[in-house]
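Visitor: please work out how this folds:
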Amino acid sequence: MTDAQETAAETTLRAPGDATQAHLPPAPVPLLEPREGIPPVVAGPEELAGIVAAFAAGHGPVAVDAERASGYRYGQRAYLVQLRRAGAGTALVDPVGCPDLSALGAALGDTEWVLHAATQDLPCLRDIGMVPDRLFDTELAGRLAGYARVGLGAMVENVLGYSLEKGHSAVDWSTRPLPEPWLRYAALDVELLVDLRDALEEELERQGKREWARQEFAAIAAAPPPPPRKDPWRRTSGMHKVRRRRQLAVVRELWTARDGVARRRDVSPGKVLGDAAIVEAALALPANVRALAALPGFGHRMGRRQLDHWQAAVDRARALPESELPLPAQPVTGPPPPRSWADKDPVAAARLSAARAAVTALAERLAMPQENLISPDTVRRLCWEPPAPATPESVAAALAGHGARPWQVEQVAPALTAALGTASA
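Guide: Residues are numbered from 1 along each chain as shown. You can find the predicted model right below:
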């Protein structure tokens, strides 16, 4: 990075809404090369040991990023991990050659990790032994600070005055060897992440939101892995067209068969059989391979062996007794969909309308998205079963019981208490 670029990074911090027509910020500086060049990819135990030692000896927060092969490979495993820390520089680690990075994770155990959109990367990092005790999420910090665009490229440009080249974000990161342009892109993703963190912390402090961010980051770091999704086949695109229970069984059997093939071949399920084809088969209920082959998504390119495999899944669904067919929808454990509240409980519907208006007004005043101020699901649950009586103390306790952080309770409890009282009057 040149002296001019470093000066630009120091002088172009821009708070949300600062820019005016008379004082437009300078044009962003293209960030083309990592400061120390593209580091070699670490793919063996000896090189990894050197990286562990170097990053353990570094100082300050560590920038962490991971690249997956979504849309190409099965699952969400990491195919490249990028790190940068003062005193250690940048490292690119190949989790295929180094599948256990727990030693690296342990070396950084008491260090603050800086990630962008942390919840996207933490699952795949956890799978290879990297779990932070403390973190700073630059995307979430941007949301809390009121930035309209919070992608990494937009944040680096708006906050630091640099432009990142984002052309390789959706490539197949399982490719080996990784092309040099991809490695450059990956290294640049962590080049300024700590600088961005520092600038955003200053902005959050200026707005009086630093403690709010700290609580949010702590909640992310402490959150356990999500439980396996129940009936994941119900997320098949186009499911709204499928109404009959026998058709639902076809979707379930085809989805399960596809998932098994995708897992064995280590490819994205969509590359094995498209969701649209599964839905077409469910609607048509083909009686044989010939009828199946005539459906969209099961065309002439598909071999007889593949068609037999899919038809066997359809046949299993067709043969199920009524008692084993899936129900049209999963049992609802929380409040019903808000669109039905007016019919089911008009008073609750009035409470929800008043509460939503209160949250909207407060979020605008605090310059942050409503969903970051308080979870919409928490508002729905509070309005469906409010405490009686609805006092600031009882509403605060209910919000905390639904998982709201202390800063959220402090901000929204008074407004929601007033809204509940107005709607029930």
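Visitor: do a quick rundown of the strands in this structure.
Guide: Secondary structure of the chain by DSSP state E: the strands cover 29-30, 41-42, 59-68, 78-86, 89-93, 112-115, 134-137, 162-163.
Visitor: ok, residue 371 to residue 397 distance?
Guide: Separation of residue 371 from residue 397 (Cβ to Cβ, to the nearest Å): 22 Å. For the C-beta atoms, the positions are set from N, CA and C on the backbone; glycine is no exception.
Visitor: next one: the residue nearest the centre of the chain from residue 347, what distance?
Guide: Compute the mean C-alpha point of the chain, and by Cα atoms, centre = their mean the closest residue is residue 120, 3.9 Å away. To residue 347, residue 120 is 40 Å away according to Cβ to Cβ.
Visitor: for residue 40, same thing?
Guide: Taken as Cβ to Cβ, the span from residue 40 to residue 347 is 66 Å.
Visitor: ok, residue 357 next?
Guide: 16 Å.
Visitor: same thing with residue 252?
Guide: 39 Å.
Visitor: those two - which one has more neighbours?
Guide: The neighbour comparison of residue 252 against residue 347 (other Cβ atoms under 10 Å) goes to residue 252, with 23 against 12.
Visitor: what sits against the more buried one?
Guide: Listed by Cβ atoms under 8 Å, 6 or more residues apart in numbering, the contact set of residue 252 reads 231, 233, 317, 326.
Visitor: same deal with residue 232?
Guide: Counting by Cβ under 8 Å, 6+ apart, residue 232 makes contact with residue 255.
Visitor: give me the number of residues near residue 40?
Guide: For residue 40, the count of nearby residues is 10 (other Cβ under 10 Å).
Visitor: ok, it touching residue 93?
Guide: No - using Cβ atoms under 8 Å, residue 40 is not in contact with residue 93, being 10.5 Å away.
Visitor: name the residues of stretch 196-203 that are buried.
Guide: 196, 197, 198, 199, 200, 201, 203 (16 or more other Cβ atoms under 10 Å).
Visitor: and for stretch 241-254?
Guide: 242, 247, 248, 249, 250, 251, 252, 253, 254.
Visitor: so who does the closest residue to residue 155 other than its chain neighbours touch?
Guide: Spatial nearest neighbour of residue 155, chain neighbours left out: residue 142 (5.3 Å); criterion: Cβ to Cβ, 6 or more residues apart in numbering. By Cβ under 8 Å, 6+ apart, the contact set of residue 142 is 150, 155, 159, 200.
Visitor: please list all residues in contact with the first one.
Guide: Residues in contact with residue 150, defined by Cβ under 8 Å, 6+ apart, are 139, 142, 143.
Visitor: find the nearest non-adjacent residue to residue 230, please.
Guide: Once flanking residues are discounted, residue 230 sits nearest to residue 330: 6.7 Å by Cβ to Cβ, 6+ apart.
Visitor: any idea how many residues pack against the one you found?
Guide: That count, for residue 330 with other Cβ under 10 Å as the rule, works out to 10.
Visitor: just residue 158 next, same as before
Guide: Here the number of neighbours of residue 158 (other Cβ under 10 Å) works out to 23.
Visitor: pretty sure it sits against residue 147.
Guide: Yes - between residue 158 and residue 147 there is a contact at 6.5 Å, judged by Cβ under 8 Å.
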